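Undergrad: Sequence and predicted structure below; questions after.
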Amino acid sequence: MKKIAILGSTGSIGTQTLEIVRENPDLQVVALAAGSSVDKMEEQIREFHPAMACMWGEESAAQLRARIRDLDVKVLSGMEGLLETAIFPESQVLVTAIVGMIGIRPTIAAIEAGKDIALANKETLVTAGHIIMPLAEKRNVAILPVDSEHSAIFQSLKGERKTGSGSSGFICEESGKIEKILLTASGGPFRGKSRADLEKIRPEDALKHPNWTMGRKVTIDSSTLVNKGLEVMEAKWLFGVDLDRIQVVVHPQSILHSAVQFVDGAIIAQLGTPDMKLPIQYALFYPDRRPMAGKRADLFELGALTFEKPDTDTFRGLALAYEACRKGGSMPTVYNAANEMAVRLFLEHRISYLEIADLIGEAMDHHKVIVDPDVEEILGTEAEVCEFISGRTGHRL
């Protein structure tokens, strides 16, 4: 029996993780955490019977306590609750499906407690990879990628890796064998459009992804290619490669999920239908593979797969990600935080679509880089960016 805790259990990745638990009776959920979805959390508690649950707001936690007073479940709230959920003694694996930089501290706490991490919270590595990866190495903890693309890279490298249990076992022992990581992107709903075409884009337009079902924030990020920029930074830390060896490739069919080109010219890739349950299940049961129901990729039906260069002039969020990653230090935090805030303003109809990338660029220009930020400095940078975006737009965040 493998026991897991989930941060972000009511979101897209969290609910799909619970679908996998339903299908695999040797998985047991021992702790859950969510934002404010009390109805969904109550349903999950009654179905999966965790010993602990956490809501971000105390008001939501109080509502949940009242609703499940007939059950023996400890209900917590806030960051203290997230930290307690992350280190819950019974759990072996923490699924970090929570969105945003709120995931940094719980992830660090879980690693310190010796929990393996099924990582879906990309902001953790984007902003604190220089802290997370050495700590995982020190604690002999596995960082198992849940993102479709990083899981594909992980699977493509499997034959080139030492298969130890610690994080060092999941980074190619000789990174010189990797010539290039080919990180695929669908191109989102606006692939092929010009900046002029994007001037009048509304949130409801950007939320229509052609291939994937994701949360609202990630769907917007996919449309701007900021999500791919975040994944570039995450891949740098996960696989120990230089930024110049990570190439984004637009692949509209979303069948080839990413690939690795080696120094001898060979390319090894992972293909399959666009289904997030596959990388989630692979992370939970690594190194084993389990049967999983669902549609299979039919190459005869597909007929052809196509690949394109990304348009970084129109979708400048991707170019800004490479710039942020090259500058390093606290700059990736600025990129991530500015995007989070800009996307929130866009979803609330308070800024235009193109202003998302503009605000990221302005925040980066405004920031003085901290070379080796600790957690407090990372969170302080986030607060600084929030203040800058609020002042720049006239909207309090």
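TA: That came through, no problem. Just so it is clear, the structure is predicted and the values come from calculations on it, not from any experiment. Numbering: from 1, shown residues only.
Undergrad: C-alpha only now, for contacts and for neighbours.
TA: Fine.
Undergrad: How much space separates the residue of the chain most remote from its centre from residue 42?
TA: Distance from the C-alpha centroid of the chain, by CA atoms, centre = their mean, peaks at residue 70 (35.1 Å). Distance, residue 70 to residue 42, by CA to CA, to the nearest Å: 12 Å.
Undergrad: for residue 310, same thing?
TA: Counting by CA to CA, the gap from residue 310 to residue 42 is 43 Å.
Undergrad: Neighbour count: those two, which is higher?
TA: residue 310 (23 against 16; other CA atoms under 10 Å).
Undergrad: residues touching the more buried one, list them.
TA: By CA atoms under 8 Å, 6 or more residues apart in numbering, the contact list for residue 310 reads 187, 248, 249, 250.
Undergrad: Which secondary structure state is assigned to residue 389?
TA: Assigned by DSSP: H, G, I helix; E, B strand; the rest coil, the conformation of residue 389 is helix.
Undergrad: Give the burial count for it, as a bare number.
TA: Residues lying near residue 389 (other CA under 10 Å) number 24.
Undergrad: shouldn't it be in contact with residue 339?
TA: No. The pair residue 389 and residue 339 does not pass the contact test of CA atoms under 8 Å, sitting 9.9 Å apart.
Undergrad: Show me the common contact partners of the two, please.
TA: residue 359.
Undergrad: pLDDT weak spots in the stretch 51-200 of the chain?
TA: 159-176 (pLDDT under 70).
Undergrad: measure residue 210 to residue 60 for me?
TA: From residue 210 over to residue 60 the distance is 34 Å, taken as CA to CA.
Undergrad: Those two: which has the busier surroundings?
TA: Just comparing residue 210 and residue 60: by other CA under 10 Å the higher neighbour count belongs to residue 60, 19 against 14.
Undergrad: got the contact list for the nearest residue to the more buried one once chain neighbours are set aside?
TA: Counting by CA to CA, 6 or more residues apart in numbering, residue 60 lies nearest to residue 36, which is 5.9 Å off, once chain neighbours are set aside. In this structure, residue 36 makes contact with 55, 56, 57, 60, judged by CA under 8 Å, 6+ apart.
Undergrad: just the buried members of the residues you listed?
TA: Those of the contacts of residue 36 that meet the buried threshold are 55, 56, 60, by 16 or more other CA atoms under 10 Å.
Undergrad: Quick one: residues contacting the last one.
TA: Read it as residue 60. When contacts are counted by CA under 8 Å, 6+ apart, residue 60 touches 36, 37, 38.
Undergrad: Out of the residues you listed, which sit inside strands?
TA: Per DSSP state E, strands hold no members of these.
Undergrad: from those, which is closest to residue 78?
TA: Within the contacts of residue 60, proximity to residue 78 (CA to CA) peaks at residue 36, which comes in at 10.9 Å.
Undergrad: per-residue pLDDT, the closest one?
TA: Model confidence at residue 36, given as pLDDT, is 94.
Undergrad: do the one 5 residues further on as well
TA: We have a pLDDT of 98 for residue 41.
Undergrad: same check, this time on residue 274
TA: 92.
Undergrad: mind listing the helices for the stretch 51-200 of the chain?
TA: Assigned by DSSP state H, counting those that start in this stretch, the stretch 51-200 of the chain shows helices spanning 58-67, 78-86, 104-112, 122-139, 148-157, 195-198.
Undergrad: Any idea which of these gets closest to residue 368?
TA: Per CA to CA, nearest to residue 368 of those: helix 122-139, 15.4 Å.
Undergrad: tell me which residues of that closest one are tucked away?
TA: Under the neighbour-count criterion of 16+ other CA under 10 Å, helix 122-139 has 122-133, 135-137, 139 buried.
Undergrad: what's the answer for stretch 182-201, then?
TA: For stretch 182-201, the neighbour count (16+ other CA under 10 Å) marks 182, 183, 184, 185, 186, 187, 188, 189, 190, 191, 198 as buried.
Undergrad: cool, and stretch 224-244?
TA: 224-241, 243.
Undergrad: One more: stretch 73-87?
TA: Of the residues in stretch 73-87, 73, 75, 76, 77, 79, 81, 82, 83, 84, 85, 86, 87 count as buried by neighbour count, 16+ other CA under 10 Å.
Undergrad: May I see those residues arranged in TSV, with distance to residue 318 as well?
TA: Output for the buried residues of stretch 73-87, formatted as TSV (distance: CA to CA, whole Å):
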residue	distance to residue 318
73	44
75	40
76	38
77	36
79	31
81	35
82	31
83	32
84	36
85	34
86	32
87	35
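Undergrad: State the pair within the residues you listed that is farthest apart.
TA: Of all pairs drawn from the buried residues of stretch 73-87, the widest gap by CA to CA lies between 73 and 79 and measures 18.4 Å.
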